[in-house]
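Undergrad: generate coordinates for the sequence data below:
(chains A, B, C and D)
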Protein chains: 4
Amino acid sequence: MKAEEQALAERCVTAMFERDRASQAAGMRIESVAPGYARVSMPLDPAMINGHETAHGGAVFTLADSAFAFACNSRNVPSVAHHCSITYVTPAREGELLVAEARETDLTGRFGIYDVTVAAQDGRVVALFRGHSAAVRGSVVEA
Amino acid sequence: MKAEEQALAERCVTAMFERDRASQAAGMRIESVAPGYARVSMPLDPAMINGHETAHGGAVFTLADSAFAFACNSRNVPSVAHHCSITYVTPAREGELLVAEARETDLTGRFGIYDVTVAAQDGRVVALFRGHSAAVRGSVVEA
Amino acid sequence: MKAEEQALAERCVTAMFERDRASQAAGMRIESVAPGYARVSMPLDPAMINGHETAHGGAVFTLADSAFAFACNSRNVPSVAHHCSITYVTPAREGELLVAEARETDLTGRFGIYDVTVAAQDGRVVALFRGHSAAVRGSVVEA
Amino acid sequence: MKAEEQALAERCVTAMFERDRASQAAGMRIESVAPGYARVSMPLDPAMINGHETAHGGAVFTLADSAFAFACNSRNVPSVAHHCSITYVTPAREGELLVAEARETDLTGRFGIYDVTVAAQDGRVVALFRGHSAAVRGSVVEA
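TA: Model (predicted):
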């Protein structure tokens, strides 16, 4: 049973990532997947740097949002983001590799809450993100 | 006095945008600027589309976040984002031109609150964003 | 038509307030109502003061949340809060009269977004609140 | 060292609770305290019920906010709430005993992030709360 859920989570996230040009174009890589969980990395390239010489908030958010999307679609119930919030803890710089880890904090009926930590390779926290998902009809992959 | 504030807002945002590779790389365009205000447009290109065939939440957020950054730096007090939230109202599609309008809702001491509406060209609301800024030392441009 | 909507808003909010022991127990008073709008006042009594000698965040939130609830139920579509956020701008003190003004920022299908400003009598902003509502079945009052 | 931090946390929270008329008036009880942590209970009395016959969102928020305040003041660094958000997961009813558990998710410099889960006695989650604190000058108790 657990092995099946794990296999389904991997199939769902692989299928989503293949269709997701935005995450691919940003250089993201799926590091690890489980039911309700995803860890995704992204290098900060020059096109992600803002006028303060730090990572644009949008780049950090985009990584967290992708990890959230993979985690909340990993049970083969297609789900969309409804509301997200992010707090910036420390700035990140060009060339750093960021890793976002998304965990399911609550899933009640159609609505889920996922907490994402974005960290740099030296272990410091860059941002904390909380995403609210709502399930929609259909399936992510054929059962 | 008002003309000077307007001229300063335009100088600040122009200087920021010139240094901001992320907003440039995303194809953003500054449409209008005033003290505490910015309107910014961005076309949704193929690299901004996710696995649901709609705009990646990160692309919509990035546009709103840039409009917020321009608005909160327009008084020549350099300011950084501390906490942001976004609610997705309707999905957006490849090829649409999005416009984000950022207004200053509150500025008390070092801390500001900015509300951003992201709309499509047919007038429908795509997302509502609220950003919290904190002023830091220095200036955006030389006075 | 507009007069009917106004009369319906007043009936809905009056009916809700009569059933709402929490808002009554807190000493709230409905100051003004319109479709998608409510203004509510509340005096800060000693039981609302925390260990910093200022209004407990929960008291300020409760007032904002009631104004939000009245505004989002004013069209005779019963609606419940799903997600709310609040930013504290200036502290409030015992004896002050707070006024919360709730406006409908967006209403798309079943989901609404309401912005509430809580101010003191000297006009300063005490807190800014944003509430997300979801409509449920039934009606607030008989049509 | 650890025993000293634990003793200090208990002294801080006891002192805060003694001065906090709002938490006392609401019938709250401190169940457990540690550095960066607090668990607080509150029975839902009739004055906390809204027009939908469920707990007023403000009552649930007030409990979570108190747990957050105790957790973020437990290191003898006085701290105030700046921004809080809450998501309602399941409704709560009159007579239920709610328990809020606050944990420190991040503390970087003056700024902290605390996650609070509010649960009912049958174990179901009633609400999830995230609070952002900022340290101010002084101390909670004499060292």
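
Undergrad: pretty sure residue A:136 sits against residue A:81.
TA: No - counting by C-beta atoms under 8 Å, residue A:136 stays clear of residue A:81, with 11.2 Å between them. From N, CA and C alone the C-beta is placed, and that goes for glycine too.

Undergrad: between those two, who's got more neighbours?
TA: Comparing residue A:136 with residue A:81 by other C-beta atoms under 10 Å in any protein chain shown, the one with more neighbours is residue A:81, at 24 against 11.

Undergrad: if that one is in a bridge, with which residues?
TA: As for beta bridges, residue A:81 partners with residue A:133 under DSSP bridges.

Undergrad: tell me the average confidence for stretch A:39-53?
TA: The average pLDDT within stretch A:39-53 is 93.

Undergrad: buried stuff in it?
TA: Using 16 or more other C-beta atoms under 10 Å in any protein chain shown as the test for burial, stretch A:39-53 gives A:39-42, A:44, A:47-52.

Undergrad: most widely separated two among those residues?
TA: Within the buried residues of stretch A:39-53, A:39 and A:51 form the most distant pair, 30.1 Å apart (C-beta to C-beta).

Undergrad: contact residues of chain A facing chain D?
TA: Contacts of chain A with chain D, taken as C-beta under 8 Å from any C-beta of the partner chain, map to A:85, A:87, A:89-90, A:105-106, A:108, A:111, A:113, A:115, A:125, A:128, A:130, A:132.

Undergrad: so what touches the lengthiest helix in chain A?
TA: Of all segments of type helix in chain A, defined using DSSP state H, the longest is helix A:2-19. Outside helix A:2-19, the residues that touch it by C-beta atoms under 8 Å, 6 or more residues apart in numbering or on different chains are A:23-24, A:28, A:30, A:33-35, A:37-38, A:69-70, A:73-76, A:140-141, B:50-51, B:53.

Undergrad: coming back round to it: can I get the buried residues of stretch A:39-53 in a markdown table including distance to chain C?
TA: Listed next are these as a markdown table, based on distance: C-beta to the nearest C-beta, whole Å:
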| residue | distance to chain C |
| --- | --- |
| A:39 | 26 |
| A:40 | 25 |
| A:41 | 29 |
| A:42 | 27 |
| A:44 | 28 |
| A:47 | 31 |
| A:48 | 27 |
| A:49 | 28 |
| A:50 | 23 |
| A:51 | 25 |
| A:52 | 23 |
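
Undergrad: now, which of these lie within strands?
TA: Taking DSSP state E, the ones among the buried residues of stretch A:39-53 that sit in strands are A:39-42.

Undergrad: now the strands for chain A?
TA: Using DSSP E, the strands of chain A run over A:29-34, A:37-43, A:79-88, A:97-108, A:111-119, A:125-135.

Undergrad: ok, the second one: who's next to it in the sheet?
TA: Partners of strand A:37-43 in the sheet, by DSSP bridges, are strand A:29-34 (antiparallel), strand A:97-108 (antiparallel).

Undergrad: winner for burial among the ones you listed?
TA: strand A:97-108 (a mean of 19; mean count of other C-beta atoms under 10 Å in any protein chain shown).

Undergrad: distance of the residue lying closest to residue A:62 once chain neighbours are set aside from residue D:97?
TA: Nearest-residue entry for residue A:62: residue B:58, 2.7 Å, with adjacent residues in sequence omitted and distances by C-beta to C-beta, 6 or more residues apart in numbering or on different chains. For residue B:58, the distance to residue D:97 equals 41 Å [C-beta to C-beta, to the nearest Å].

Undergrad: which residues of chain A score low on pLDDT?
TA: For chain A, the stretches with pLDDT under 70 are A:1.

Undergrad: ok, now with 80
TA: When residues are selected by pLDDT under 80, those of chain A lie in A:1, A:143.

Undergrad: re the thing from before, off-centre distance for the longest helix of chain A?
TA: Put simply, helix A:2-19 sits 14 Å off its chain's centre (C-alpha atoms, centre = their mean, to the nearest Å).

Undergrad: residue of chain A with the smallest distance to chain C?
TA: Nearest residue of chain A to chain C (C-beta to the nearest C-beta) works out as residue A:83 at 5.7 Å.

Undergrad: so what's the residue count around that residue?
TA: Other residues near residue A:83 number 25, with proximity taken as other C-beta under 10 Å.

Undergrad: hang on, it packs against residue B:86?
TA: Yes - with contacts counted by C-beta under 8 Å, residue A:83 reaches residue B:86, the gap being 7.1 Å.

Undergrad: wait, residue A:54 touches residue A:95, no?
TA: No - look at residue A:54 against residue A:95 with C-beta under 8 Å: they stay out of range, at 11.9 Å.

Undergrad: of those two, give the one with the bigger neighbour count.
TA: Between residue A:54 and residue A:95, counted using other C-beta under 10 Å, the more crowded position is residue A:54 (20 against 10).

Undergrad: what sits against the closest residue in space to the more buried one that isn't next to it in sequence?
TA: Excluding its sequence neighbours, the residue lying closest to residue A:54 (C-beta to C-beta, 6+ apart) is residue A:91, at 3.9 Å. Contacts for residue A:91 (C-beta under 8 Å, 6+ apart) come out as A:52, A:54-55, A:126, B:80.

Undergrad: then residue A:126?
TA: Contacts for residue A:126 (C-beta under 8 Å, 6+ apart) come out as A:55, A:60, A:88-92, A:98, A:118-120.

Undergrad: hmm, back to that, closest to chain D out of the contacts of residue A:91?
TA: Using C-beta to the nearest C-beta, residue A:126 comes nearest to chain D of the contacts of residue A:91, at 10.5 Å.

Undergrad: ok, that closest one to residue B:85 distance?
TA: 18 Å.

Undergrad: next one: residue A:30
TA: Residue A:30 is 26 Å from residue B:85, where distance means C-beta to C-beta.

Undergrad: next: residue A:136.
TA: 22 Å.

Undergrad: can you check residue A:99 too?
TA: As judged by C-beta to C-beta, residue A:99 and residue B:85 stand 23 Å apart.

Undergrad: got it, and residue A:102?
TA: Per C-beta to C-beta, residue A:102 is found 17 Å from residue B:85.
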